[in-house]
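Enquirer: What follows is a predicted protein model with its sequence.
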Amino acid sequence: MKQKTPNGQPAAEKDWVLPERLRSKLDSHPIGKNLYITEIAFFHEQTTFHKEILKNNPDYVLIYCVSGTGWYRFNNKKIPLRSNHFVLLPRKTAVELGTDHSKEWSFYFVKFNGTIGEDMYTYLLRDKSNNNFTTPPLVGRIAQFRDIMHHLNLMENIENLLYANFRFYSFLGTFRLTVFNYLKKDTDNIIERCILIMKQHLHENITLDQLAKEVCVSASYLSALFRQKTHYSPIQLFNSLKIQRASQMLKSTKTPVKQIAEEMGYTDQYSFSRSFKQVMGTSPKNFRENK
């Protein structure tokens, strides 16, 4: 069952707000201060929805309508939002976001800031007379957003914040793409789709043939494409993602190594430890002890 806010409205499926103590750390960090997320959420529902941002808001705002329809109110004007529309709003701007219909819809919502926040806002704005733009749908954009959310919710430390905000640079960059850029990036889109599938199945063992079938290409073509674009085979990259996730679990939890191996789809602890050492240069046990 979807959660409701106190006023009866649907809550965000995923919502993260930067704690004040970490914001002060980012503001003083030589790299982190450049650009950072202060709030990020994914709203998805089949009923009406309403969110209001007050005029004293110190951050820039990005609203991306992935599907369905909605609206936002800005400068006393109610402006429609449709699939693949995104909106950029400056700091200290009051805005309302909502839907009127019972049809399924989904919005991505991000507030950001930093020393280059104004430069990034200007770069993405394109046209100062208009805040509402259309962008082609990208599987890679969705994958990046999920990866950002994952790391922000994983652990509240500076390393995860920096990683998520580095990914945020790339995420914002996708909104400068035109339809023509998108059509030229078809091979990159296949790679992004594969990586998304991999991340969704880290607990399983998928084969090259299964992966190729999912993205509707031949196994030989997919293998060659991965080596050309990433210098890894698809399965090497898949295993690397498994080890990356396992590393996070070793650092942030006390879950036994054997259980982590099982959750990452390994048949036994030995094969997991061997794969872990190949990627990380040390055993899972030593990695945890020296975290």
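Expert: Thanks, I have the structure now. Numbering: from 1, shown residues only.

Enquirer: secondary structure element for E262?
Expert: Assigned by DSSP states H and E, E262 belongs to helix 257-263.

Enquirer: So what touches that helix?
Expert: Identification of contacts with helix 257-263 by CB atoms under 8 Å, 6 or more residues apart in numbering yields 203, 246, 249-250, 255, 268-269, 271-273, 284-285, 288. Glycine gets a C-beta too; all of them are placed from N, C-alpha and C.

Enquirer: Please repeat the previous calculation with a cut-off of 7 Å.
Expert: 203, 246, 249-250, 269, 272, 284-285 (CB atoms under 7 Å, 6 or more residues apart in numbering).

Enquirer: chain center to it, what's the gap?
Expert: 26 Å (CA atoms, centre = their mean, to the nearest Å).

Enquirer: ok, now stretch 61-79?
Expert: Distance, centroid of stretch 61-79 to centroid of chain: 20 Å (CA atoms, centre = their mean).

Enquirer: Give me the buried positions along that stretch.
Expert: For stretch 61-79, burial by neighbour count (16 or more other CB atoms under 10 Å) applies to 61-66, 68, 70-72, 74, 79.

Enquirer: again with stretch 18-37
Expert: 18, 22-23, 25-26, 29, 32, 34-37.

Enquirer: Sheet partners, orientation included, of the strand or helix carrying G70?
Expert: Assigned by DSSP H and E, G70 falls within strand 69-74. Here strand 69-74 has these sheet partners by DSSP bridges: strand 77-82 (antiparallel), strand 95-98 (antiparallel).

Enquirer: Of the contacts of helix 257-263, which belong to strands?
Expert: Within these, no residue falls in strands by DSSP state E.

Enquirer: Columns distance to L225 and pLDDT on top of these, output as TSV?
Expert: Below are the contacts of helix 257-263 laid out as TSV (distance: CB to CB, whole Å; pLDDT from 0 to 100):
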residue	distance to L225	pLDDT
H203	25	89
A246	26	91
M249	30	90
L250	32	90
Q269	33	91
F272	28	92
P284	32	92
K285	36	90
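
Enquirer: sorry, back to before: now render the strands paired with strand 69-74 as TSV, adding mean pLDDT and distance to W105.
Expert: Formatted as TSV, those follow (pLDDT from 0 to 100; distance: least, CB to CB, whole Å):
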stretch	mean pLDDT	distance to W105
strand 77-82	87	9
strand 95-98	86	10
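
Enquirer: so which of those gets nearest E156?
Expert: E156 sits nearest to strand 95-98 of all those, at 26.4 Å, using CB to CB.

Enquirer: immediately after the closest one, which helix or strand?
Expert: The C-terminal neighbour of strand 95-98 among helices and strands, as given by DSSP H and E, is strand 105-113.

Enquirer: just checking, what packs against that following strand?
Expert: strand 36-45, strand 60-67, strand 69-74 (3 or more CB pairs under 7 Å, 6 or more residues apart in numbering; DSSP states H and E).

Enquirer: contacting residues around it?
Expert: By CB under 7 Å, 6+ apart, strand 105-113 touches 35-45, 58-70, 97, 99, 145.

Enquirer: Adjacent strands (with direction) for it?
Expert: Using DSSP bridges, the strands paired with strand 105-113 in its sheet are strand 36-45 (antiparallel), strand 60-67 (antiparallel).

Enquirer: Which elements pack onto the longest helix that the chain contains?
Expert: For the chain, the longest helix by residue count, based on DSSP state H, is helix 234-252. Here helix 234-252 touches helix 186-200, helix 208-214, helix 219-230, helix 257-263, helix 269-280, helix 284-289, going by 3+ CB pairs under 7 Å, 6+ apart.

Enquirer: Is it possible to get CSV of the ones you listed that adds mean neighbour count and distance to N157?
Expert: Formatted as CSV, these follow (neighbours: other CB atoms under 10 Å; distance: least, CB to CB, whole Å):
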stretch, mean neighbour count, distance to N157
helix 186-200, 18, 21
helix 208-214, 16, 33
helix 219-230, 15, 28
helix 257-263, 17, 20
helix 269-280, 16, 19
helix 284-289, 16, 16
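
Enquirer: lowest-confidence stretch among the ones you listed?
Expert: Note on the helices and strands packed on helix 234-252: helix 186-200 shows the lowest mean pLDDT, a mean of 80.

Enquirer: okay, the angle between that helix and helix 234-252?
Expert: Angle of helix 186-200 versus helix 234-252, following axes from the mean of the first three to the mean of the last three CA atoms, to 10 degrees, is 40 degrees.

Enquirer: Do you know the pLDDT at the residue nearest to the spatial centre of the chain?
Expert: Ranked by distance to the mean C-alpha position of the chain (CA atoms, centre = their mean), the top residue is F145 at 1.6 Å. Note on F145: pLDDT of 90.
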